[in-house]
Every structure is written in C-alpha cells, then in structure tokens.
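Q: Turn this into a structure:
(chains A and B)
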2 protein chains.
Amino acid sequence: MRSSCACLMKPVLHGYFRSSCSWRVRIAFALKGIEYDQVPVNLVKDGGQQLTDQYRAVNPMQQVPAVTIDDITLSQSQRAQVRMISDLIASGIQPLQNLTVLEKVGSEKIQWAQHFINKGFKALESILKQTSGTYCFGNEISMADICLAPQVYNAERYKVDLDQYPTIKRINQTLMEIEAFKVSHPSCQPDTPDQMRA
Amino acid sequence: MRSSCACLMKPVLHGYFRSSCSWRVRIAFALKGIEYDQVPVNLVKDGGQQLTDQYRAVNPMQQVPAVTIDDITLSQSQRAQVRMISDLIASGIQPLQNLTVLEKVGSEKIQWAQHFINKGFKALESILKQTSGTYCFGNEISMADICLAPQVYNAERYKVDLDQYPTIKRINQTLMEIEAFKVSHPSCQPDTPDQMRA
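A: Below is the predicted model of the structure:
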C-alpha cells in the first residue's frame, strides 16, 4: 500500500529558537501542517552545541537548522540532497568570499576567504564522500556540480590547499573535462583580459 | 502556434568573466544548449560598473550575474522571481550576518550586520515594490515570505530602521498575523528562554 506521505517517522528539526534559518523551516512546516519534533541546539551555551562531534554527524556544516527525515522517498531525497549541496556552496561559502565582502574586510581578506572556504569545504568533502559518484550526486551532472566548479576556481584563486579535499578535487577534475564547463570557463569569455586567457 | 521554447529573444547574461556566480549561469546555459548574449559588467574597472544607475535598473542588488529574458512565460517567471527574492535573502543577506560570521568580525559586528542588511533591504524594497501584492509575490504566500519574516526579525535585532523600507515593513506586519508565522516565532519555541518569551 502506498501513501501520499512517504515519511514513516515525524521529521526532526535540529534548530535554535532565535536562528532565522530555523524559523524559516518552522514556518514551512506550519504552513504545510506537518507535525515535527524539535531538538534544540543552543548556539551560545557550552561554547556552541553545534560544534560537538555529535552534531557534526547530523550536519557537517555545524550550523542550524538540520532536518532529519526518514528517507524512504529516494527521488525527493535526491532533489533535497542536490539542493543541500548547492545551497551549502551558494549560501554557505560563496557570499562570504565575494568581492563586496572582501572589500569590507580589508587587509585580512585572503585569510578571511581561506577561512570560510576551508570551513565550507570541510563540510562539503564529508557530504560528497557520501553522495558522489562520478559527480557530486551519483553519476549525473546536477546543479550541485554547477555550483562546485566555480567555487573550486575561487578556492584556487585564494590559494586554498585542495589536497585536503580529495573528493572535491576529483570531481572538479572530471568536470573540467566537460565541454559545457570548458566553454564557460573564466579564461575564455568575451571580457577576459588578454593576460588571463588560457 | 506554441513552441517548446517560450523565449522570443536570446537571454542576456550580465556577468563578469571571473565571477563564480556568473560562471554557474554560463555552465547551465552551455549544458542546456541555450544560446545567449553576454553583456560584461566589469567589477573592478571604473570603480565597479555594477554600481552605476544603469546597472541598478537591471539588478537592484548591484551584483553579477543578472539574466534578462523576454518574460512571456509568466508561470516560469513567477517561480523565477520567488526564487530570486528568496535567494537575495538566503544567499545575499542572511549569511553575512549570521552568528559565525559576526563572531569573526568581532567588535564591529553591529555596524557590519547593519551594513549588509541595509544593502540587501534597499535592493529587496525596490524588487518588492514591483512584485508584491499582499505578500512578497502577489497575493499568495510563497517561499519568499518564509525567507522575509525571519530576516526582518534579524534586522530588528540589529536595530535596522525599517521605516526606510515601507514595503518590507508592510508585508512583514501582514505575515505576523498569520498563524503559521506566529506558532513558529522565536518567542514561543521549546528552547526559548523564559525572559524572551512573548
């Protein structure tokens, strides 16, 4: 017998009352009328409960929120995981090392960029170890790969040591052989300066 | 006669060769085999071409990339706009004022948070003036509203003057009357400390 709800157990929200991203998830559950359990993760108590090994196993980014759901629905779960990886890069890493922010940071900008890229890549590496095949998620190119390659390019620009992240490095090398990634590369665009052309 | 491609004109990518987010879009177009035109926006020349009034009309966030597409397909365009608003908040504002980043910023953290929230809210206000009805996009609650309310809560926490953003303020007041936003509010969660309860 199939049911329209594929969840066997109630989703569990690992969050913090004051975290705006946790609140987003609570609103969404409330709007959809989905019952869920909450496991509070206090971001300030005990030096930050999100920094424990126990919580890292739940969310390698060591941030709230994280939602754990019985993952019976593989296709949903695939979409959710591709989005999670894309979001980790697009919201968790890139915004912290973009030009506007680095200008605001000033003289420490290289260290700042390295700090946040390394923090994000540590989490990403541990996720990709679970999810990757040839590409970020299994053996098909997804939005996650579209986010990965440009972020690795930035990491190289800020001299992050990629040998620490063998899975990221391997996937990126594979992506760099693909025509769509080659023709779109920063080294061959209409506005690429001559001295930066490949 | 209907065509499977609803675009009458080629999409135009306003981007910068070196911007990782611009590259993401170029990869996606290349993978899908979509032809597009490029309008380079040099982020460093002339003090940053993204800061001109002309470019602000294209993208109020004054960042690259921006893609302009003949918006015949209204439903697609609605989804794209809801995602644009959500992404403006989830990638363009929230990551820059979250706890981890503010700890790294140190003593200037209030000013830092205000700077990036104001920067984002200026762009958001001008977009919402175009897109909003009762809610962020028309008269139905969307993911954009789920992102908006918690971000306004953060803005209040960091004492951003919301009177500068009448559209944001109005939508938020409307959202605060809705049950799903009330029951999920930080003031009434299992881990809310007694002194912060409503």
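Q: alpha carbons only for contacts and neighbour counts from here, please
A: Noted.
Q: For A:G133, grab the count of nearby residues.
A: Around A:G133 there are 14 other residues, counting by other Cα atoms under 10 Å in any protein chain shown.
Q: can you tell me how far it sits from A:V12?
A: A:G133 sits 28 Å away from A:V12, going by Cα to Cα, to the nearest Å.
Q: Next: A:Q62.
A: Between A:Q62 and A:V12 the computed distance is 16 Å (Cα to Cα).
Q: Between the two, which is the more surrounded one?
A: Neighbours per residue (other Cα under 10 Å) separate A:Q62 from A:V12, with A:Q62 holding more: 22 against 16.
Q: Next, give phi and psi for that one.
A: Backbone geometry at A:Q62, expressed as degrees, to the nearest 10, gives phi 50, psi 40.
Q: Repeat that for A:C136.
A: Dihedral angles for A:C136 - degrees, to the nearest 10 - are phi -60, psi -40.
Q: any idea of the pLDDT on it?
A: On the pLDDT scale, A:C136 is placed at 97.
Q: Quickly check: the host helix or strand of A:K182 near chain B or not.
A: For A:K182, the host element (DSSP states H and E) is helix A:179-183. Yes - on the criterion Cα under 8 Å from any Cα of the partner chain, helix A:179-183 is in touch with chain B at A:180-181, A:183.
Q: before we move on, what about stretch A:140-158?
A: Yes - Stretch A:140-158 is in contact with chain B by Cα under 8 Å from any Cα, via A:146-147, A:150-151, A:153-154.
Q: buried sites along that stretch?
A: A:142-155, A:158 (16 or more other Cα atoms under 10 Å in any protein chain shown).
Q: For stretch A:41-59, what is the distance to the chain centroid?
A: 18 Å (Cα atoms, centre = their mean, to the nearest Å).
Q: Touching it from outside, list them.
A: Residues from elsewhere that reach stretch A:41-59 (Cα atoms under 8 Å, 6 or more residues apart in numbering or on different chains): A:14-16, A:62-64, A:66, A:68.
Q: out of those residues, who's nearest A:L88?
A: Of all those, A:Q63 has the smallest distance to A:L88: 10.6 Å, by Cα to Cα.
Q: Quick check: the gap between that closest one and chain B.
A: 9 Å (Cα to the nearest Cα, to the nearest Å).
Q: domain parsing for chain A?
A: What automatic domain parsing lists as the domains of chain A is A:1-72, A:73-198.
Q: Quickly, which of those bottoms out on average pLDDT?
A: Among the domains of chain A, domain A:1-72 carries the lowest mean pLDDT, a mean of 84.
Q: any idea whether A:K10 is helix, strand or coil?
A: Counting by DSSP: H, G, I helix; E, B strand; the rest coil, the backbone at A:K10 sits in coil.
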